[in-house]
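Trainee: Okay, here's the prediction I keep looking at, along with the sequence it came from:
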Amino acid sequence: MKKTALILMFLMMFCSISFAGPLMDYSAEKVAIDVSVRPNTNFAADIPNYTTFNADSKGTPFTWGITTGLGNNFALQYRQFNLNTKTGDSNAYGTLRPAAQTFKELNLYYKFDKNMSVFIGALRHNYHTTDAGPTYDAPTINAFQGGVVAVTGLGKDISAYGILAVGTKHVRSCEVGLSYAITPQLDLDVYYKNQKVLLSNSDNSHAKGMGYGVTYKF
């Protein structure tokens with residue numbers, strides 16, 4: 001997290017005329033739709049005083065979201081990450097079961113300038129085991145969060161960005177990425193994301209890995 005904060009501080013030191021990456025134009029009716037795949041995502045459940053279970057993704061995890069400008073430097077965003085995991089590591093304490101999971105976010109953004117925005121919002125996490133054996137369905141987790149987004153141009157049509165969020169229920173999320181503007185409306189994105197949320201009682205879950213996708217702005 002400290003490294004991510006330093007990256008955000010570095011990004012905020014620069015400015016540029018226009019950016020690829022996250023939508024930074026919050027004019028009314030401006031919209032950005034982003035879709036990405038996150039292959040090889042790793043999911044870990046940390047059980048205090050016991051062990052950590054690890055499981056890799058099954059199929060192709062994907063994220064999709066939509067951000068719309070509200071005017072007056074405000075924007076609203078919905079984002080969802082769908083993740084299926086395989087059977088995880090097992091030991092004397094049991095096995096991490098195959099599961100279908102979702103991370104859903106709804107955030108309200110406020111733009112300070114063309115390089116930096118802050119946001120507040122909510123995150124919901126669902127975890128449902130999918131095998132026929134003993135099941136473990138974690139309660140639905142609802143958490144409040146807040147964070148910052150910073151973007152900087154690295155050259156013609158290329159931008160770097162960072163997103164950092166913290167919140168209740170042990171919510172922690174950091175994302176750093178690069179975007180290349182193919183056209184003024186379409187960006188190619190590559191990023192790394194690590195997110196954490198309380199799974200049940202004191203059990204924490206982590207989902208981390210690379211993402212590859214596109215953002216369409218209109």
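Mentor: Right, received. Where do you want to start?
Trainee: And the residue lying closest to Thr68 once chain neighbours are set aside, how close does it get to Asn115?
Mentor: Closest residue in space to Thr68, ignoring its immediate chain neighbours: Val31 at 5.0 Å, by C-beta to C-beta, 6 or more residues apart in numbering. No exception for glycine: its C-beta is placed from N, CA and C like everyone else's. According to C-beta to C-beta, to the nearest Å, Val31 stands 21 Å off from Asn115.
Trainee: Look at these two and report which has more neighbours.
Mentor: Asn115 (20 against 13; other C-beta atoms under 10 Å).
Trainee: ok, so what distance separates the more buried one from Pro98?
Mentor: From Asn115 to Pro98 the distance is 42 Å (C-beta to C-beta).
Trainee: Phe53 and Thr95 touch, don't they?
Mentor: Yes. Phe53 is within contact range of Thr95, at 7.5 Å (criterion: C-beta atoms under 8 Å).
Trainee: Look at those two and report which has more neighbours.
Mentor: Between Phe53 and Thr95, counted using other C-beta under 10 Å, the more crowded position is Phe53 (23 against 16).
Trainee: does that one sit in a helix or strand, and which one?
Mentor: Secondary structure from DSSP states H and E places Phe53 in strand 51-56.
Trainee: following that strand, which helix or strand comes up?
Mentor: Following strand 51-56 in sequence order, the next helix or strand is strand 62-71 (DSSP H and E).
Trainee: Which of the residues in that next one are classified as buried?
Mentor: Phe62, Thr63, Gly65, Thr67, Thr68, Gly69, Leu70 (16 or more other C-beta atoms under 10 Å).
Trainee: Low-confidence bits of the protein, can you list those?
Mentor: 1-21, 47-51, 90-94, 132-137, 200-203 (pLDDT under 70).
Trainee: ranges for the helices of it?
Mentor: 2-11 (DSSP state H).
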